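[1] Predicted structure and sequence below. I'll ask about it afterward.
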Amino acid sequence: MLAQSKSHPGRIPAMLSAMFALLCAFGTVAAAQDQPPPKVELFAGYSFWIPGEPIYGQLPGALSPLSSRVEGNPRGMGASATYDFNRWFGLTLDGSIDLNSGETGLADRIDDAAFANISVGPKLTYRTKHFAPFFEVLVGGHRYSSDAFRDHSKIGFMIGGGLDIKLSRHFALRLIQADYVYSNYRFAPPTVPDTEIRGLRAQTGLILLLGGGAPPVPPSAACSVQPAEVFAGEPVTATASGSNFDPKRTVRYNWSGTGVSVSGNNATTQVDTTGLQPGPYTVTANLSEGGKDRTASCSARFRVREPRPPVISCTADPARVRAAGTSTITSNASSPGGRRLTYSYSASAGEISGNGETTTLYTRTAQPGRITVNCNVSDDHTPPLTASSTTSVYVEAPPPPPPPAPDIKQLEARLDLHSIYFQTARPYANDPEAGLLESQKEILRSLAEDFKTYLSYKPDAHLILGGYADPRGTEDYNIGLTQRRVDRTKSVLVEHGVPADHIDTQSFGKEDQLTADQIKDLIAQDPDLTQADRQQMLDNLHVMVLANNRRVDVSLASGQQSTRRYPFNAKDFLALISTKGGKEPPKP
């Protein structure tokens, strides 16, 4: 049995070191979080013990010692309590027990042993958000209970570590814990080698986490800029504010920008926009807490706007003035960027007074005609952006002096100078618009103009139209004929602007006929007739009597009588004196 020597005494420590390095590497996958550590960690779970070295002993009464490599013991449990002084360092009280096999017979029991320990020692933990690899060194009482030999207790050491996985605020899973076990025991006389335990204890189980409080809220930052839109060259103020930082520590600010120069280490900084092209720009603030790895960042954007000139329109009131008059020029201007505006004006003639939104144009030095006014506006941009508009004012020439007032007596005399004469039987009943020759229309046009002037002085004046016929027709026929004659005369006067309600008509038929003696007197008094003309008229006196009775007398309501001056010299004279009436047009 003694021929069984120690095998690979350094294998277990080498494996333990490699395992611990692997666990540490796995535990640092997640970035460290500034979480409060628990105050107390209570572990309970399964324990598996591998002695790693043979046992040497001698049974009572035996002549020679025995030795055997002890099998691993899977019948164990473990528990520990750790008090954490901070997030890194704690003190652990550890206990574990691996029971004996319960087998009978020396051959079955020689390779079985139980192990128990109560140890205490420091523990170092590296904590991340989800993982917590740890390293511990423990010293305490180790009890080695061989199934074949007696129990033996010694002071022993354990060094190792493990990996905890955080499940919640109060619970974690100890995925693996591996400790190198070092202790020596003697189960035989001095001539027999010591039983040296250089083994491995592996554990897994659940951890109850107590105390520590809720994880701290991570710091945050908020950035703002004022104003959010500017023109190039205008300053922008950037401000950053942090939350959830330790109020006892100083927060450092570091500003940067994208496409824009930003500097400063305070919560507020100025951004220089000189020379920037239109478009968006971003400034970023990085906040850090002195002495701790607690940072936060934020960004804010502002826009440099495309320069937009102001717009303006202007009007003149009134747009037409008399010579030496004035007109008010009003400008309506606005700036798309809300800039301060300045107004100015100029004119092609006259004088401008004022440089605000309204100004006055004086035309006392201007000639009659159109004056162009230029309305200009500029903003306070550097350089200023400008806009212009125009309006115009028309200066009227002075009115001519009013014509002298007409002589009322002469005007009344002109209105009573003429009677209107018609052809025989004209106008017909079927053609009431006919029968008035051009020479008579011209007389009526002149009468209409004079009477309209007369009305401006005597608004109540009236014209009286009296119609007559020669004696050849019947009484009824002549009454109708003379009525048509006064109606036709009235319609011509109305066409030329005489109000219809200022014209009165009368139809006399063949009453009040002019006699042959009266016609002779009229011929003798007519200054436009030569002596030969008078003699010819007298030779045809009967025809002239008939022609002078086919008339409409025009007189004023004052009672003055028309001057009956027959148009002997008119171009249509022969038509007027003809005694043939012709045929009436057919009835429609």
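    Everything's here; your move. Numbers count the residues shown, from 1 in each chain.

[2] Settle this for me: residue 331 is touching residue 312, isn't it.
    Yes - in this structure, residue 331 is within contact of residue 312 by CB atoms under 8 Å, at 5.8 Å. (Each C-beta comes from the backbone N, C-alpha and C, glycine too.)

[3] Now for those two: what residues contact both?
    375, 377, 389 (CB atoms under 8 Å, 6 or more residues apart in numbering).

[4] how many other residues sit next to the first one?
    Other residues lying near residue 375 total 25 when counted by other CB atoms under 10 Å.

[5] again with residue 443
    21.

[6] where's it, which helix or strand?
    Using DSSP states H and E, residue 443 falls within helix 438-457.

[7] Distance from the chain centre to that helix, please.
    70 Å (CA atoms, centre = their mean, to the nearest Å).

[8] Tell me which other helices or strands it touches.
    helix 408-415, strand 419-421, helix 475-495 (3 or more CB pairs under 8 Å, 6 or more residues apart in numbering; DSSP states H and E).

[9] confidence score at residue 252?
    If you check residue 252, the pLDDT there is 90.

[10] So the spatially most central residue of the chain: helix, strand or coil?
    For the chain, the residue nearest the mean C-alpha position is residue 336 (12.3 Å; CA atoms, centre = their mean). Per DSSP: H, G, I helix; E, B strand; the rest coil, the secondary structure class of residue 336 is coil.

[11] roughly how far apart are it and residue 471?
    In this view, residue 336 and residue 471 are 93 Å apart by CB to CB, to the nearest Å.

[12] Residue 443 is nearest to which of the helices and strands packed on helix 438-457?
    Of all the helices and strands packed on helix 438-457, it is strand 419-421 that lies closest to residue 443, at 6.3 Å by CB to CB.

[13] Residue 341 reaches residue 335, doesn't it?
    Yes - counting by CB under 8 Å, residue 341 sits close enough to residue 335 to count as a contact (5.9 Å).

[14] Residue 498 reaches residue 462, doesn't it?
    No - counting by CB under 8 Å, residue 498 stays clear of residue 462, with 10.3 Å between them.

[15] neighbouring contacts of the helix or strand containing residue 390?
    Using DSSP H and E, residue 390 maps to strand 386-396. If you take CB under 8 Å, 6+ apart as the criterion, strand 386-396 is touched by 309-316, 318-323, 325, 327, 329, 331, 333, 349-350, 361, 363, 366-379.

[16] of those, buried ones?
    The neighbour count (16 or more other CB atoms under 10 Å) marks 309-310, 312, 314, 316, 321, 325, 327, 329, 331, 333, 349-350, 361, 363, 366, 371, 373-379 as buried among the contacts of strand 386-396.

[17] Next secondary structure after the worst-scoring helix or strand of the chain on mean pLDDT?
    When the helices and strands of the chain are scored by mean pLDDT, DSSP states H and E, helix 11-27 comes last with a mean of 51. Toward the C-terminus, helix 11-27 is succeeded by strand 40-50 as the next helix or strand (DSSP H and E).

[18] Describe which strands that next one pairs with in its sheet and in which direction.
    Strand 40-50 has the following sheet partners, assigned by DSSP bridges: strand 73-84 (antiparallel), strand 195-210 (antiparallel).

[19] Can I get the ones you listed in a markdown table including mean pLDDT and distance to residue 100?
    Formatted as a markdown table, these follow (pLDDT from 0 to 100; distance: least, CB to CB, whole Å):
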| stretch | mean pLDDT | distance to residue 100 |
| --- | --- | --- |
| strand 73-84 | 94 | 8 |
| strand 195-210 | 93 | 16 |
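
[20] Export those as CSV, with columns for mean neighbour count and distance to residue 180.
    Output for these, formatted as CSV (neighbours: other CB atoms under 10 Å; distance: least, CB to CB, whole Å):
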stretch, mean neighbour count, distance to residue 180
strand 73-84, 19, 15
strand 195-210, 20, 6
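
[21] I'd like to know which of those is closest to residue 153.
    Judging the strands paired with strand 40-50 by CB to CB, what sits closest to residue 153 is strand 195-210, at 12.2 Å.

[22] can you give me the offset of that closest one from its chain's centre?
    Put simply, strand 195-210 sits 69 Å off its chain's centre (CA atoms, centre = their mean).

[23] do the same with stretch 61-69
    Using CA atoms, centre = their mean, the offset of stretch 61-69 from its chain centre is 99 Å.

[24] ranges for the strands of the stretch 51-200 of the chain?
    For the stretch 51-200 of the chain, the strands defined by DSSP state E, counting those that start in this stretch occupy 54-57, 66-69, 73-84, 89-98, 113-125, 131-146, 151-166, 171-185, 195-210.

[25] what's the closest of those to residue 38?
    strand 195-210 (3.9 Å).

[26] and that closest one with strand 113-125, angle?
    50 degrees (axes from the mean of the first three to the mean of the last three CA atoms, to 10 degrees).

[27] so residue 466 bridges to which residues?
    Beta-bridge partners, per DSSP bridges, of residue 466: residue 506, residue 553.

[28] what's it in contact with, if anything?
    486, 505-506, 508, 552-553, 555.

[29] ok, and the most crowded of the residues you listed?
    residue 552 (28 neighbours).

[30] State the mean pLDDT of stretch 472-488.
    Rounded mean pLDDT across stretch 472-488 is 90.

[31] Now do the buried residues in that stretch.
    473, 478-488.

[32] Out of these, which comes closest to residue 512?
    Nearest to residue 512 among those, with distances taken as CB to CB, is residue 482, at 10.9 Å.

[33] Verify the contact between that closest one and residue 512 for me.
    No - with contacts defined as CB under 8 Å, residue 482 does not count as touching residue 512, sitting 10.9 Å away.

[34] what residues are shared contacts of the two?
    residue 468.

[35] who touches the closest residue to residue 279 other than its chain neighbours in this structure?
    Closest residue in space to residue 279, ignoring its immediate chain neighbours: residue 304 at 6.1 Å, by CB to CB, 6 or more residues apart in numbering. Residues counted as contacts of residue 304 (CB under 8 Å, 6+ apart) are 229-232, 273, 276-279, 281.
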